[in-house]
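Undergrad: Take a look and give me a structure for this.
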Amino acid sequence: MAELVRERGRLRHGVAAYRLIAGAWVRSTMAYRASFALTLCANFAVTAFDFVAILLMFSHVDALGGFTLGEIAFLYGTSGTAFGLAELLLGPVQRLGSRVRDGTLDTLLVRPAPVLAQVAADRFALRRLGRVTQGLLVLGYGLAVMDVDWDPVKLLMVPMMLVCGAAIFGAVLVAGGAFQFLAQDASEVSNSFTYGGNTLLQYPPTVFAKELVRGVTFVLPLAFVNWLPALYILDRENPIGLPSWLAFLPPFVAAACCALAGLAWRAGLRSYRSTGS
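TA: Reported below is the predicted structural model:
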């Protein structure tokens, strides 16, 4: 019980520190509103090119892997929004390797705030809202044009996908940051699972090899971000024959991923040795 109370106290302290640091960066950003608006629009436009590529595909075909444009827009929107939220809140963790190399991580260790909160809130970038906004717009389009027999369970699954998906992507970001304690030049390895995973989930699982689908279900559980819940919502069969009740597991998978990422972060932080500079 005492350990649980201490953990809750650390969590509250970390959230408070994160809010203070992120708030300072937000105020700094909003001091130059025109620059913020331009970078926000640029971020929106750059991320929109992914969906433009999908639209170009559908100018030549009526379906991709048996999925219509609206259904793929639904996959794209849920994945893009979930990843956008995770990147907005935890994106700077991807740059931890550079801090380890140049020794600036040492300055965070002596401050009275959790290191993860400091790293995650450093240079908090509101421009990343462009990816979130673009994902939500595509998701709205998908929801509007899909032919789905909606019920309360399916309706509740949509916000669940966004929240749990953001948590799963966030756990992958933190785990990737923890790995950089050991391999300082490993940011691209983390990006292959985060940005690469986001791109993967924008397309239906039916276009990929079954071995890959199994890998992102049982090894790196990105399939729980949107594939499994989406198959349930769309009344589709799982391409590798998994039961439909797996669509209800994202909250548990997200909690497990966050717990494992937290353990990995602590292990990485304990193994850190200062550069001495």
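
Undergrad: from here on, contacts and neighbour counts on C-alpha atoms
TA: OK.

Undergrad: Pass me the low-pLDDT residue ranges in the chain, would you?
TA: Applying pLDDT under 70 to the chain picks out residues 1-5, 7, 184-186, 275-277.

Undergrad: what do you get if the cut-off is 80, keeping everything else the same?
TA: By pLDDT under 80, the low-scoring segments of the chain are 1-11, 183-189, 274-277.

Undergrad: For it, which segments are assigned as helices?
TA: Secondary structure of the chain, counting by DSSP state H: helices at 2-30, 33-58, 69-90, 96-102, 105-109, 115-121, 129-145, 152-179, 187-201, 210-214, 227-233, 250-271.

Undergrad: Could you identify which of those helices is most buried?
TA: Per residue and on average, the most neighbours among the helices of the chain fall to helix 69-90, with a mean of 26 (mean count of other C-alpha atoms under 10 Å).

Undergrad: tilt between it and helix 187-201?
TA: Helix 69-90 and helix 187-201 are oriented at 150 degrees to each other (axes from the mean of the first three to the mean of the last three C-alpha atoms, to 10 degrees).

Undergrad: coming back round to it: quick one: closest of the helices of the chain to Pro243.
TA: helix 227-233 (9.5 Å; C-alpha to C-alpha).

Undergrad: How far away from the center of its chain is the closest one?
TA: 18 Å (C-alpha atoms, centre = their mean, to the nearest Å).

Undergrad: which helices and strands does that helix pack with?
TA: Counting contacts by 3 or more C-alpha pairs under 8 Å, 6 or more residues apart in numbering; DSSP states H and E, helix 227-233 is packed against helix 152-179.

Undergrad: ok, back up a step: can I get the helices of the chain in TSV including distance to Gly241?
TA: Output for these, formatted as TSV (distance: least, C-alpha to C-alpha, whole Å):
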stretch	distance to Gly241
helix 2-30	40
helix 33-58	27
helix 69-90	20
helix 96-102	39
helix 105-109	46
helix 115-121	38
helix 129-145	25
helix 152-179	21
helix 187-201	18
helix 210-214	10
helix 227-233	11
helix 250-271	18
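
Undergrad: out of those, which comes closest to Ile240?
TA: Among those, the nearest to Ile240 by C-alpha to C-alpha is helix 210-214 (6.3 Å).

Undergrad: Pull the residues that contact the closest one.
TA: Outside helix 210-214, the residues that touch it by C-alpha atoms under 8 Å, 6 or more residues apart in numbering are 205, 223, 239-240.

Undergrad: Point out the one among the helices of the chain that comes closest to Ser244.
TA: In terms of C-alpha to C-alpha, the element of the helices of the chain nearest to Ser244 is helix 227-233, at 6.2 Å.

Undergrad: what's that closest one in contact with?
TA: By C-alpha under 8 Å, 6+ apart, helix 227-233 touches 75, 148, 150, 154, 157, 161, 201, 204-205, 237-238, 244, 246-248.

Undergrad: can you dump the C-alpha coordinates of that helix into CSV?
TA: Provided in CSV are the C-alpha atoms of helix 227-233 (Å, rounded to 0.1, in the frame of the first residue of the first chain):
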residue,chain,number,x,y,z
TRP,A,227,-7.1,-3.2,-37.1
LEU,A,228,-8.8,-5.5,-34.6
PRO,A,229,-11.5,-3.0,-33.4
ALA,A,230,-12.1,-1.9,-37.0
LEU,A,231,-12.7,-5.5,-38.2
TYR,A,232,-15.3,-5.8,-35.5
ILE,A,233,-17.0,-2.5,-36.4
